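A.B. asks: Build the 3D model from these lines:
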Amino acid sequence: MVELAEGLRVVDADAHMTERHDLFTERAPRGFEDRVPHVERIDGVDMWVIDGKTFGKAGSGGTVDHQGKKHAFRASQGGSWTIHDVHPAAWNPVERLRLMDEIGIHTQVLYPNAIGIGGQNLRNSVKDPVLLRLCVELYNDAMAEVQAESGNRLLPMPIMPAWDIQACVREAERCAAMGYRGVNMTADPQDSGSPDLGHRDWDPFWEVCAGLGLPVHFHIGASQTSLSYFGTTYWPSQDDYVKPAIGGASLFQNNSRVLLNSAYSGMFDRHPDLKMVSVESGIGWVPFMLEAMDYELEENAPAHAAKLGKLPSEYFRDNWYATFWFETGRGDLQHLIDQVGEDNVMFETDFPHPTCLHPNPLDIVGDTIATLRPETQRRVMGANAAKLYRI
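C.D. replies: Below is the predicted model:
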């Protein structure tokens, strides 16, 4: 294993946990067992079903097999794999901890798969507010148990009922009481009938998140709007194995949209302690966007720029984090991180998704990480996350 800065505990700021088929049903109150998300065999395929409607294939949620070999997206996650084909660490917390010990990861921040990375698939499939609230609470209760039983080495991000702002406030408070270290938010609540995140109606939610120390996370692909980037950016004539590469890279652009809107909205002037995280978006685009966001606002809306308490780029420095995993800075990662801000960057592996660092993530990035200053290593590989998540 690569030699890192002395005493460093590596924190993986983005990984995924495939939902067990009985995650919802084992906790469902009587009368809801067949309404909450569960898996049914339909035409020979395992499908997730909620309230009588399918909302997706009950696949593997990953591309790593039992022997630890990683497969292409089309051949695994997008193919015929089920939860029984993927590595047990993809869905079993005990196996996940065992794998983390093997590869030198101390803590992982976790996001969902089947219900939508931002939880958006629930709202897209059913409108009953009672059932929706129950599904959110069942998932968050289950993940709180995972966190507690792991001794806070696994830190799932709870989903929020983005279709109801006051329900988000209540759920954030409930999750904080259960020990959660942040919340997982869709980038586009307007997809489900709520105002967009820049609307002042969201101020009570931001106030609660800031006050309770709950950073708000925006994972790529965490809304139907952002997923349209994945499904429409490639040309139809492209090879089927190339399409996920184009779609995946395009998703990064969507998170720059969230950064721009949040900085321009004035929300951070009203809630200066609010923290946000751009997850699985990489960091290479950040320096350009910081420069562009300052220039574009001054050129197009100088009166609005004058009303803000800071330059838009300064809100990233004070209120945002971003995660990286494969980037090298084209040979000078230190320069890239210095441009982004070494206090604003966290390391991730994205296990067990198609582009994850596997099988030995620290060896894969070892030569590049070794070029960083020791203090930069400590910050981006663990210390920034340890501070943010109170590890």
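A.B. asks: and Pro158, how far is that from Arg41?
C.D. replies: 30 Å (Cβ to Cβ, to the nearest Å). Where you see a C-beta, it was placed from the backbone N, CA and C, and this is true even at glycine.
A.B. asks: More neighbours: which of these two?
C.D. replies: Pro158 (28 against 9; other Cβ atoms under 10 Å).
A.B. asks: element containing the closest residue to the more buried one other than its chain neighbours, please.
C.D. replies: Leaving aside its sequence neighbours, Pro158 sits nearest to Asn140 (Cβ to Cβ, 6 or more residues apart in numbering; 4.1 Å). Taking DSSP states H and E as the definition, Asn140 sits inside helix 129-149.
A.B. asks: so how far is that helix off the chain centroid?
C.D. replies: 17 Å (Cα atoms, centre = their mean, to the nearest Å).
A.B. asks: how about it as CSV, C-alpha atoms only?
C.D. replies: Extracted in CSV, the C-alpha atoms of helix 129-149 (Å, rounded to 0.1, in the frame of the first residue of the first chain):
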residue,chain,number,x,y,z
PRO,A,129,-48.0,11.9,0.9
VAL,A,130,-48.4,9.4,3.7
LEU,A,131,-46.7,6.7,1.8
LEU,A,132,-43.9,9.0,0.6
ARG,A,133,-43.2,10.3,4.1
LEU,A,134,-43.1,6.7,5.4
CYS,A,135,-40.7,5.6,2.7
VAL,A,136,-38.3,8.5,3.5
GLU,A,137,-38.4,7.6,7.2
LEU,A,138,-38.0,3.9,6.7
TYR,A,139,-34.9,4.5,4.5
ASN,A,140,-33.4,7.0,6.9
ASP,A,141,-34.1,4.8,9.9
ALA,A,142,-32.4,1.9,8.2
MET,A,143,-29.3,3.9,7.3
ALA,A,144,-29.1,5.4,10.8
GLU,A,145,-28.8,1.8,12.1
VAL,A,146,-26.0,1.1,9.6
GLN,A,147,-24.2,4.2,10.8
ALA,A,148,-24.6,3.3,14.5
GLU,A,149,-23.6,-0.4,14.0
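A.B. asks: ok, residues contacting that helix?
C.D. replies: The contact list for helix 129-149 (Cβ atoms under 8 Å, 6 or more residues apart in numbering) reads 17, 19, 23-24, 27-29, 32, 35-37, 50-51, 93, 110, 112, 115, 119, 122-123, 126, 154-156, 158-161, 163-164, 167, 171, 174-175, 178-180.
A.B. asks: Mind checking the pLDDT average for it?
C.D. replies: If you average the pLDDT over helix 129-149, you get 97.
A.B. asks: Equivalent analysis for stretch 229-240, please.
C.D. replies: On average, stretch 229-240 scores 86.
A.B. asks: where along this protein do the strands fall?
C.D. replies: With strands called from DSSP state E, the chain shows them at 11-16, 38-42, 45-50, 53-57, 107-111, 154-156, 183-184, 216-219, 276-279, 320-324, 345-347.
A.B. asks: what helices or strands is the last one leaning on?
C.D. replies: Counting contacts by 3 or more Cβ pairs under 8 Å, 6 or more residues apart in numbering; DSSP states H and E, strand 345-347 is packed against strand 11-16, strand 320-324, helix 384-388.
A.B. asks: buried stuff in the longest helix anywhere in the chain?
C.D. replies: Using DSSP state H, we find that the single longest helix of the chain is helix 243-265. For helix 243-265, burial by neighbour count (16 or more other Cβ atoms under 10 Å) applies to 243-244, 247-248, 250-252, 254-260, 262-265.
A.B. asks: bridging residues for the residue positioned nearest the centre of the chain?
C.D. replies: The geometric centre of the chain, computed from its C-alpha atoms, lies nearest to His219 (Cα atoms, centre = their mean), at 3.3 Å. Beta-bridge partners of His219, counted by DSSP bridges, are Val279.
A.B. asks: Leaving out the residues flanking it, which one is nearest to Val45?
C.D. replies: Nearest non-adjacent residue to Val45 (Cβ to Cβ, 6+ apart): Lys57, at 6.3 Å.
A.B. asks: Now do the contacts for that neighbour.
C.D. replies: Val45, Asp46, Met47, Trp48 are the contacts of Lys57 under Cβ under 8 Å, 6+ apart.
A.B. asks: One more: Val49?
C.D. replies: With the criterion set at Cβ under 8 Å, 6+ apart, Val49 makes contact with Pro37, His38, Val39, Glu40, Ile42, Phe55.
A.B. asks: what's the neighbour count on the last one?
C.D. replies: What it means is Phe55. 18.
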